[in-house]
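Colleague: prediction below, plus the sequence it came from.
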Amino acid sequence: MSYARSTSILVLAGLVLTACEAPPSIKVSREVFEGEGKAWPLSVRRGEVGCVPAADGSKVAALWFGTEDGKVFALNDAAEGYPGFEDIAVLMPTSQRDAVGGAWNAEAKARFQTALDDLRTAAAEGCASGAAPA
């Protein structure tokens, strides 16, 4: 097992213990999103989304996206503070980046953030229901 994958597993295990009963993660993919008429915003083809409930259980504190290689990325502001969560911007498709040095173009960044809304919604809805979709 790679260091990155084992670190991600430890981070997620810690979050599960912290949250007591963490909701299940939900598998998501480019194929499913496109089949539903949604834009897939990432350079990877599939992964999982999930959440970490707030300590008092009243709401979702952090939404995350995990890749098949064990990396975990923050999907919302609350998740950005968790150790081991990477910036989701690294998964922005190269075609959406500014041609100059791969730097963020303000307009491209705004489109990317809007496109992430469907992933955030899938994570939050799955966590709220406590069940993975069929």
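Modeller: On my side now, so go ahead. Numbering: from 1, shown residues only.

Colleague: going along the chain, name the helices of the protein.
Modeller: 3-19, 30-35, 106-129 (DSSP state H).

Colleague: pick out the shakiest of these, pLDDT-wise.
Modeller: Sorting the helices of the chain by mean pLDDT places helix 3-19 lowest, at a mean of 43.

Colleague: how far away is the nearest residue to D118 once chain neighbours are set aside from V52?
Modeller: Leaving out its chain neighbours, the residue that sits closest to D118 by C-beta to C-beta, 6 or more residues apart in numbering is K38, at 4.8 Å. Placement of C-beta: from N, CA and C, glycine included. Separation of K38 from V52 (C-beta to C-beta, to the nearest Å): 24 Å.

Colleague: quick one: which of the two has more around it?
Modeller: V52 (23 against 16; other C-beta atoms under 10 Å).

Colleague: for the more buried one, give the beta-bridge partners.
Modeller: A62 (DSSP bridges).

Colleague: isn't it up against A74?
Modeller: No - contact between V52 and A74 fails when scored by C-beta atoms under 8 Å: they sit 10.6 Å apart.

Colleague: okay, and the common contacts of the two?
Modeller: Shared contacts of V52 and A74 (C-beta atoms under 8 Å, 6 or more residues apart in numbering): 62, 64, 82.

Colleague: just the terminal-to-terminal distance for stretch 41-59.
Modeller: Terminal residues of stretch 41-59 lie 25 Å apart, using C-alpha to C-alpha, to the nearest Å.

Colleague: got the contact list for it?
Modeller: For stretch 41-59, using C-beta under 8 Å, 6+ apart, the contacting residues are 15, 18-19, 22-31, 60-68, 75, 79, 82, 88, 91-94, 112, 115-116, 118-119, 122-124, 126-127.

Colleague: which among those residues count as buried?
Modeller: By neighbour count, with 16 or more other C-beta atoms under 10 Å, the contacts of stretch 41-59 hold 15, 19, 22-23, 25-26, 28, 30, 60-67, 75, 79, 82, 88, 91-92, 112, 115-116, 118-119, 122-124, 126-127 as buried.

Colleague: any idea how far K59 is from the residue nearest to D118?
Modeller: For K38 relative to K59 (C-beta to C-beta), the value is 24 Å.
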